[in-house]
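J.: Compute the structure for the input listed below.
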Amino acid sequence: MTDEPSSTKPSSTEPSSTEPIRWITAVLEVQGERFDAELGFWLAATGGALGARRDPGGEDAIVVPPGGDAYLRLHRRPEGARPRVRLCLHAADVMALASSAVRLGATRAGEGHDLDLTSPGGLRFSIVEHRREGSSARPHEDALLDQVCLDIPSSRHEAECAFWAALSGWEHLPESPQEFSELSRPVGMPLRLLMQRLGEVDGGVRAHLDLAADGSRQEVAARHVGRGAVLTSTRRGWQVLVDPAGLSYCVTGRDPVTGR
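T.: The predicted structure follows:
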């Protein structure tokens with residue numbers, strides 16, 4: 001998150017996808033040498049348990065939160081590859097949602113476990129089959145991982161926001177301060193999508209995780225530092241940290257129950 005202002009709320013006239021997004025998973029893609037430290041950190045930070053591996057090679061690990069279905073996954077990237085956050089959209093009809101995404105401006109990025117695409121602004125995301133996930137997690141130590149923030153350079157902001165609003169069919173709402181807006185997620189969806197207009201003009205869209213910690217954000221951030229994170233800055237409503245794999249994330253002053 002940054003402090004650069006914005007005064008524009010984008011809108012979209014594109015039709016919404018006819019295939020709903022049933023669930024969202026955040027995927028942390030990290031170098032192999034940092035994979036185990038990153039997994040241990042997020043298991044502790046969320047109070048989660050290690051879920052069944054998706055593949056025998058151990059390239060993926062699932063974090064199962066207390067009292068809910070998994071919505072955080074780690075993926076091992078090749079050595080030298082930069083860490084990043086990828087969105088994984090769950091749908092009953094994978095190809096229908098993928099077709100909608102391409103029609104709205106996404107491009108196919110390759111095949112693997114998931115159907116991989118890239119948003120108009122360059123954010124990598126995947127579409128997978130929905131497997132009846134639907135139970136939301138409980139806060140852990142007064143904090144809850146419940147938001148992915150899309151960091152969008154100003155020249156790409158309007159088109160990127162319009163794409164995600166049309167693909168999801170979720171209402172695009174202004175936030176405060178004005179450089180932020182959000183997509184109004186359905187009840188039970190584990191992750192909210194926050195859209196941030198950056199001060200930088202060009203570059204690719206990227207993403208970071210946010211935790212809601214209400215009035216205890218300083219205490220939560222301190223616990224994370226004790227587990228290996230680095231506190232890089234303190235803003236008026238959030239703390240900015242870097243996790244063991246080098247990914248930035250924020251602990252915010254939002255309510256872990258309501259998300260506000």
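
J.: Where does pLDDT dip in this protein?
T.: Flagging of the chain using pLDDT under 70 yields the residue ranges 1-17, 53-58, 110-114, 175-177.

J.: Which residue lies nearest the spatial centre of it?
T.: Taking C-alpha atoms, centre = their mean, the centroid of the chain lies closest to residue 148, which sits 3.0 Å from it.

J.: helix/strand/coil for that residue?
T.: Classification of residue 148 into helix, strand or coil gives strand, according to DSSP: H, G, I helix; E, B strand; the rest coil.

J.: Spit out the contact partners of it.
T.: Listed by C-beta atoms under 8 Å, 6 or more residues apart in numbering, the contact partners of residue 148 are 24, 26, 85, 87, 191-194, 207-210. Placement of C-beta: from N, CA and C, glycine included.

J.: same question, residue 122
T.: Taking C-beta under 8 Å, 6+ apart as the criterion, residue 122 is in contact with 156, 204-205.

J.: Let me know the closest of those to residue 33.
T.: For these, the minimum distance to residue 33 (C-beta to C-beta) is 24.4 Å, reached by residue 204.

J.: Helices of this protein, start to end?
T.: Secondary structure of the chain by DSSP state H: the helices cover 32-46, 94-103, 157-168, 217-226.

J.: any idea which of those is most buried?
T.: Mean neighbour count (mean count of other C-beta atoms under 10 Å) peaks for helix 157-168 among those, with a mean of 22.

J.: gap between that helix and the chain center?
T.: When distances are taken as C-alpha atoms, centre = their mean, to the nearest Å, helix 157-168 is centred 15 Å away from the chain's centroid.

J.: helices or strands up against it?
T.: When contacts are defined as 3 or more C-beta pairs under 8 Å, 6 or more residues apart in numbering; DSSP states H and E, helix 157-168 sits against helix 94-103, strand 144-152, strand 180-183, strand 192-197.

J.: Between strand 144-152 and that helix, find me the angle.
T.: Compare the direction of helix 157-168 with that of strand 144-152 by axes from the mean of the first three to the mean of the last three C-alpha atoms, to 10 degrees and you get 130 degrees.

J.: if we can go back for a sec, could you save the helices and strands packed on helix 157-168 as TSV and add columns showing distance to residue 109?
T.: What follows is the helices and strands packed on helix 157-168, written out as TSV (distance: least, C-beta to C-beta, whole Å):
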stretch	distance to residue 109
helix 94-103	11
strand 144-152	17
strand 180-183	22
strand 192-197	19
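
J.: out of those, which comes closest to residue 247?
T.: Each of those has some distance to residue 247 by C-beta to C-beta; the shortest is strand 144-152, at 11.8 Å.

J.: any idea how far residue 34 is from residue 50?
T.: Distance of residue 50 to residue 34, computed by C-beta to C-beta, to the nearest Å: 17 Å.
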